[in-house]
Each structure stands twice: as structure tokens, then as C-alpha cells.
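Participant: Quick one: sequence plus predicted model below, questions after.
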Amino acid sequence: MTAHRLVAIVLALALAWPLAAAAQEPYPSRPITVVAPFPPGGVADLTARPVAAAMEKVLKSPVAVVNKTGAAGAVGMQFVATSKPDGYTLLLALSSISIIPEADKIFDRQPAFTVDQFVPIALISADPTILVVRAESPWKTAGELIDDARKRPGQISYSSSGIYGTLHMAMELLSHAAGIKLRHVPHAGAGPALTAILGGHVDALASGPAVVLPHIKSGKLRALAGWGDKRVAALPEIPTFKELGYSDAEFYIWAGLFAPRGTPEPVLARLREATRAAVAEPEFKSAMDKLQTPIAFKQGQEFQTFFDADARRLAAGVRKVGRVEDKK
Amino acid sequence: MLDTLGNLALGFSVALSPPILFYAFVGCVVGTLVGVLPGVGPLAGISLLLPATFGLDATRAIVMLAGIYYGAMYGGSTTSILMRIPGEAASVMTCIDGYAMARKGRGGAALAIAAVGSYVAGTASVVGLMLLAPPLAAFALRFGPPEYLALLLLGLFVLAYMSSGSMLKSLAMASLGLLLGMVGIDQMSGYFRFAYGRVELGDGLGVVPVAVGLFGVAEILATAGLAMPPQVVKPRLRELLPSRSEWRESAAPIGRGTVLGFLIGILPGSAHIIASFVSYALEKRLSKRPEQFGQGAVAGLAGPESANNSATSGAMVPMLALGVPSGPIPAVMLAAMMVHGVSPGPMLIQQQPELFWGFVASMYVGNVVLLILNLPLVGLFVNILRVPYPYLYPAILVFSMLGVYAVNGSVVDVWIMLVMGVLGWVLRKLDFETAPVVLGLVLAPMIELSLRQSLAMSDGDYAIFVSRPIAAVLLGAGLLLVLLNLISFVRRGLDWRARLALAEKGEETS
């Protein structure tokens, strides 16, 4: 298995150069590259690899994951947006695909890419973030924290994975929905953001459940509420913000597969079929189980609707954050 | 204590089982290779091999990845010593005195000292990891942005000891480094700074391409520009091993480097490169003959090389004891555990004693493997110096480009390396030293981020730096250092650095 995957990667690297693929060849006739725009070990990478392995089985052709990182994912996303739409270069994107172009607009800069440059193939997983505070903090429920934040605007602090990052947007959507103001302390990634709350340097954090569960179980952190439309399976007693009446506070760290716009329809159809079969593979299911990431497979109109609604919420969130210096 | 011994026995029973031993060995070999290749550091090595571990069980995967991590620290010194090319970022300081030693025909001795220093540091710091992990990890978490800023400001004092020449010139170089560190996305506001529309510059200038350019490429250009190729003192076989006096000189620096590296490694977000910078400065400060630094001082090699090795064990303390990713490499290793269904966290040591103790024991074993692997290789590597320059240097240039490209798969990084190579060559011609540029580049983004995070935490109130005890103590120590230096500066008029610079000038003109 391992040797096989290594061979596949080497092959993909060797063959990824345009070999002037003949248009008549059946798809896929050469290795497919899935670009993960984030470093190995991150959500995108850890989702991309089992998906690629399962697709490889279905398509009977090598599918290699390549990490093309930089600028909060913009480098890899731009790479796929401008690569040849032939179905051999795909993108495994996270929610940030809708955020980055919107942030570019805020700064009046030439966008690195636009959402229109991609065609959605399938949504793979969607993990609602949950709100955690330190166990010794006074807030026992989300309601108490929100009430306190109303009384002391800008006094309760939270860490995030970076400005306009996923963890920041989750908190902003909540602040907007609840009409509160929290103090944002950006960190360089989700890891440092978690370290900051465990060290007691900030009061709250929005995070994917899997990362904080061990700390909730060991009694260091307390979960208050979740951003999903359903409760998190591992934390059945924790309500959603929807239940608490903040219906706009809906947010997922999702991972989906995209192709560059202009990819021929037969190729897209083959890819949709392949991803549908891939997520049903037992190996894929057990891989996602171990990561404690819920599979949320959606395709076609269903994915488009989810994607559009999510992009609308995020765009509004980014616009509300605006430029930081305008807020003072 | 008895518990620990019992646990360690359990650990060794895991670590010495053939499969684990095999993966530890593979990790060490790959790590050494990754370290030797210019530019490719442990992060790139671990990232590239992470997918290959998905088929293994958790203990094997983590043992192999850790082997790559500390193995790279052993290998990183090789090209730094022989060719002045940092094999990975934390070997930058080794380029200075290690290379100077090689130029004097002591390349074999330098490699041997680096290997033994790494071994001592690696082994001693695992003892630290084993005995002190939980309490130290809890303490390390108290290092938030204000404490970190105070520590980094202290780190700026390292500058004073970085250069053997003019203080003015080294300050100018550090400022250049700080400016270069401004390139990239502003973490606090999302602005692209000095990126000129290139998203590839969003993450700033990488330490690796800059260091390989400023040191390695510049060295190659400078040599190519000489009318006569320089005479390398060819290593004689019986001179491969360090002399007795060299051992004596390296003993204390190895000890200090080990402790220092371990402590700095524990702090979340810190980089190994800082451990080696601080160790170099400390050795120079303590040395009776600081003027030898830069000319092949054994302490200037032994200290930093030990420090970067023990920093790897340090970095694993918060990872294993608390499940906190204290840096990019531990983050990848935590991901490797999660892929195998082991949820890292404060309960890891209790819930997975075989994994934790097997891992600790495998590090003892791995360090022995690396020592056995590296000492005989000294004789082999030293022979690289026998290759004539017209063949050696083009080959090194190709390997540097490949290595720098491989890290991010980015051609932009290769260009950065080449531009920095030319810049480094010009600076050399003008008699500027380039190590402070790298220090500035490393420190600038960290200082800026932690300052602005601190102010975000306090809503703009600067009192946060004195109201938090650890930060206040560190800042106080820094202030004291400045005052002490100022007093001696005023009193003596000229300090040894300036005197040395004058003496050097005299030599050149005569």
C-alpha cells in the first residue's frame, strides 16, 4: 500500500507536465493531481489523502495529492484556477475559497482568483465549529457569555487562526448574530490559537470539535455551543446557536473538491461518479472516523445551494469585519 | 522515580522490538539525508513522508517521523561545515565557525564534534523530556505573546555578539534583515506588504532560501571571482578526529547548548534557529578568546549544534504532555497521531503508555544509531573537499536549487535564493557579515506579531508587559544587559570588537 502510494506520487510528479493529452483519450488516461492548498497535516491535506486513495481505486488511475501552500491557501487555489481545465488538476478547498476573493475586494486588490473560476464537484465533509472557554472561566452557557459580552463590549477576547481565517469568521458570524463585540487576537494558525486559550491568554475560541475534544474531556476546556444546524455527535448535550435563537450563526469548516471552470462535462460527470463511489469506500469512512470528521457528501444542485448560502454568509461576514484600521 | 524506570523498561521493550527499531533506523537515515541536502529541512522531510506513514501503526509512524526530525539536525551540520551551505535553517550559525574550521583543515574534527555534541544533546534532552515533561509543559503554556516578545527582545542582544567586525555594520545588516522580514501578509490586518501582486510572496521571504543564498551561493560566487582557486587544506586521515584540546574546548559549550536548546525548544512557537543563535552569543560572551569566533572557534560550533538538537526534544514536550502543537513540526506529528486514531491531549501519557514510553526509548536508541551512522561518514564527507572546485561548485548550486525548490515547490523561492546569493556576494565584497541579516529576518515577523498580539490582548495598553511577571522579569533582565553594556562601553571607549576591527584593518593594509 505504502510503496504503491509512493510510486503513484513519483509517477504523478513525473507525468504532471503537460504531455499534450489527446482529446479523444478516455478519461483518466494519466495521473490526476489533487492540490491541497494547505500544509500536510492540516484539514485539507488530511481529507484530500483518503479521498484521493479511494478515488484511485474507483478510477483505476493514480490520484496524487500535492500540497501547494502559501498566503493562507491563495497560492494553491490560484494555481488550480489558472491550470488547464482537463480534469487532471483538481482542488481540495476549504471554506476559505469563498473568503479570500472577498477579502481581496476589501483591500481593492487584484483578486488572486474568483469563485467563478471553479466548478464544484462534491462536498466531502463539513465540521461545525464549537465555542470553547477555559474550564475555570465564569461562563457556564453560551447565553451567559453573550450577556456578559453585551455588558462589557470588546472585553472578552478570543484567539483565531488568523484574520479572515475560518476560526475568525465563525466568531464574527456569532458576534453579528448576537449583536456583541468581542476582542480578536489573531494567531498564526489553528495550533497557536489553541495554545493561546490553553495557556489562558485569551478567553474563548471557535474550533473544530476533534481538536478540542481531548481538552474538554480532560477538564481544561468547556464547550458552550456549536455553529452547526445539528448538535455535534460527540457532544450531545451542547446546544447549537440555532437552538439558542441565533440562526445566522451557522458555520462549518468544510472540505470540497473543485475543478477549474471549463472542464468538459463528460469529465466532470466521471469525477462526480468517482467521488460518490469513493466516499462510500470503507477505508475512506474509517479514515474520516479516526479524524473524527463527519462525512457530509453533497453533489450537484445540493452542493451548489450549500456552497452559495455559505459563501453569502461569509461574504457578509468579511464585509462586516472590513479593514481593521477602519474600526478604531 | 521507580515508576519512571519501570515505564522506561516498557518503553525499551517497545523500542527494541525489530519493527520499531527498523522504522527508527529508516527515520534516522532519511533525516540525515534531509539534513544534508541543502535547503530541505526537517519540516519538508516530515511533510513529504507523512503520507507514507498512513499505512503504519501510530507508534511506528511517530517513531519514524521523530527520527527524521532529530536526524535532520545531525545532518544539517555537514554541508554547513564543509561548504558553508546551511543544510537546514537551524544550521546557519554552524556555517560560521564550522566552515572556518574546515578551511583550516579541521573539517573532520568539526564534523565529529558536531556529531558528538548532537548525540550528547539529543540523549540528555530526552532525559529532560522523560522526567520533566508534564510540569515543564504547563509552565511553557504561560508563555503568551507578551512573554514571547520580551524573550525576543532579549534575543536581539544576540546581535551584539554576532559579528566579529564593526558593530555599525552588523546593526545595518540586522536592520536589512528586519526590513526583509516585513514582506508578506500582515497577520493582524490582512494587508499584503511589499508583495507586488505576487501571492507567492504572501508568506514572506523564507529563511531557507535567504540563508542558502546569503551563505552558500555567495560563497560560490566569491570563490568563482578569485583569480586563483583557494587552496583547501586537504584533510589527512589521522587528523579526522578532534584533538584533545578541541574536545576540552567543546565540552562546556555542548553542556550549555543542551540546556539552553531544551528550554527554548519547549516554548510554543519558538524556532530551533533561535536556540542556535542564542547559544552562539552565549558562548562568545563566556569565551576567554571571543576574537576567535568567526575564525574557527570550537565553542562557536559545539554550542549551537547541541542547542538545535536538544531543541527538538524540547519541542516535543508540549506536544506529548499536553497535545499542544508547539510549532509546525510537532503539528504535523500530531496530525500523524490523529490519522491513526490516537487523539493527542493531556491524557496521552496515561492512555497510551506504550506509545509515549516507546517513543521516548526510541529516541535514546535513535541517537545512538545516528552517532554510529554519522561518525564513520565523517571520513566520507570530508573527501568531498578533494573534489576540484570546477566540479564541486556547479554541483552544489544545482543541489541548492533543487533543495530550495523542493521545500514549497515554488520557483519564486529559487529566485529569492539567487537574488540573495548576489546580494550576499556584494555584501561580502563590501566587508559586511550576513548572519545578522538572517537573524533579523527570523526575528522581525515574530517580534511584530507578538507585540501586536499583546496589544490586541490588552486593547492597546502597554502595561501588559510589566503587569505579567514573566514578561516583566525578562524585560528587566534585558534592560539590565543594555545598561551593563552601555557602562562598559562608555568606560572603555572601545570594546574588544572595535579593537579587533581596527587590528583587522591593520592586517589588511600591511
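Facilitator: Now that the structure is in, tell me what you want to look at. All of these numbers come straight from a predicted model, not from anything done at the bench. Numbers count the residues shown, from 1 in each chain, chains lettered A, B, ... in the order given.
Participant: can you pull out the helices in chain A?
Facilitator: Ranges of helices in chain A, per DSSP state H, are A:2-15, A:43-59, A:74-81, A:96-106, A:142-151, A:166-178, A:190-198, A:209-217, A:265-280, A:282-290, A:300-321.
Participant: Take these and lay them out in TSV including mean neighbour count and mean pLDDT.
Facilitator: The C-beta positions use only the backbone N, C-alpha and C, and glycine is treated the same way. Output for the helices of chain A, formatted as TSV (neighbours: other C-beta atoms under 10 Å in any protein chain shown; pLDDT from 0 to 100):
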stretch	mean neighbour count	mean pLDDT
helix A:2-15	14	54
helix A:43-59	24	91
helix A:74-81	24	92
helix A:96-106	21	91
helix A:142-151	18	96
helix A:166-178	24	93
helix A:190-198	25	90
helix A:209-217	21	90
helix A:265-280	17	94
helix A:282-290	16	91
helix A:300-321	16	91
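Participant: in chain A, which strand has the most residues?
Facilitator: Secondary structure of chain A per DSSP state E: the longest strand is strand A:118-128.
Participant: does any bit of that one sit next to chain B?
Facilitator: No - residues of strand A:118-128 are not located near chain B by C-beta under 8 Å from any C-beta of the partner chain, the shortest gap being 13.0 Å.
Participant: what helices or strands is that strand leaning on?
Facilitator: Packing partners of strand A:118-128 (3 or more C-beta pairs under 8 Å, 6 or more residues apart in numbering or on different chains; DSSP states H and E): helix A:43-59, strand A:89-94, helix A:209-217, strand A:252-260, helix A:265-280, strand A:295-299, helix A:300-321.
Participant: tilt between that strand and strand A:89-94?
Facilitator: Per axes from the mean of the first three to the mean of the last three C-alpha atoms, to 10 degrees, the angle that strand A:118-128 makes with strand A:89-94 is 30 degrees.
Participant: Could you export strand A:118-128 as PDB, CA atoms only?
Facilitator: C-alpha atoms of strand A:118-128 as PDB (Å, rounded to 0.1, in the frame of the first residue of the first chain):
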ATOM      1  CA  PHE A 118     -14.100  26.800 -10.200                       C
ATOM      2  CA  VAL A 119     -16.800  24.200 -10.800                       C
ATOM      3  CA  PRO A 120     -17.800  22.400  -7.700                       C
ATOM      4  CA  ILE A 121     -17.600  18.600  -7.900                       C
ATOM      5  CA  ALA A 122     -18.500  17.400  -4.400                       C
ATOM      6  CA  LEU A 123     -18.700  18.400  -0.800                       C
ATOM      7  CA  ILE A 124     -16.700  15.800   1.200                       C
ATOM      8  CA  SER A 125     -17.000  16.800   4.800                       C
ATOM      9  CA  ALA A 126     -18.500  19.600   6.900                       C
ATOM     10  CA  ASP A 127     -17.500  20.100  10.500                       C
ATOM     11  CA  PRO A 128     -19.300  22.700  12.600                       C
END
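Participant: mind listing what B:V324 touches?
Facilitator: B:V324 makes contacts with A:G191, A:L194, A:T195, A:L198, B:A137, B:L141, B:P268, B:P318, as judged by C-beta atoms under 8 Å, 6 or more residues apart in numbering or on different chains.
Participant: Within its sheet, name the partner strands of the longest strand of chain A and how each one runs.
Facilitator: strand A:252-260 (antiparallel), strand A:295-299 (antiparallel) (DSSP bridges).
Participant: now, of those, which is deepest in the fold?
Facilitator: Looking across these with neighbours counted as mean count of other C-beta atoms under 10 Å in any protein chain shown, the highest average goes to strand A:252-260: a mean of 25.
Participant: quick one: it to helix A:190-198, angle?
Facilitator: Per the same axes, to 10 degrees, the angle that strand A:252-260 makes with helix A:190-198 is 170 degrees.
Participant: Quick check: which of the helices of chain A is nearest to B:I384?
Facilitator: Ranking the helices of chain A by proximity to B:I384 (C-beta to C-beta) places helix A:2-15 first, at 27.4 Å.
Participant: which bits of the stretch 301-450 of chain B sit near chain A?
Facilitator: Counting by C-beta under 8 Å from any C-beta, the stretch 301-450 of chain B comes close to chain A at B:318, B:322-326, B:328, B:331-332, B:334-336, B:338-341, B:343-347, B:408-410, B:449.
Participant: which one of the strands paired with strand A:118-128 lies closest to B:S276?
Facilitator: Across the strands paired with strand A:118-128, B:S276 has its closest neighbour in strand A:252-260 (36.3 Å, C-beta to C-beta).
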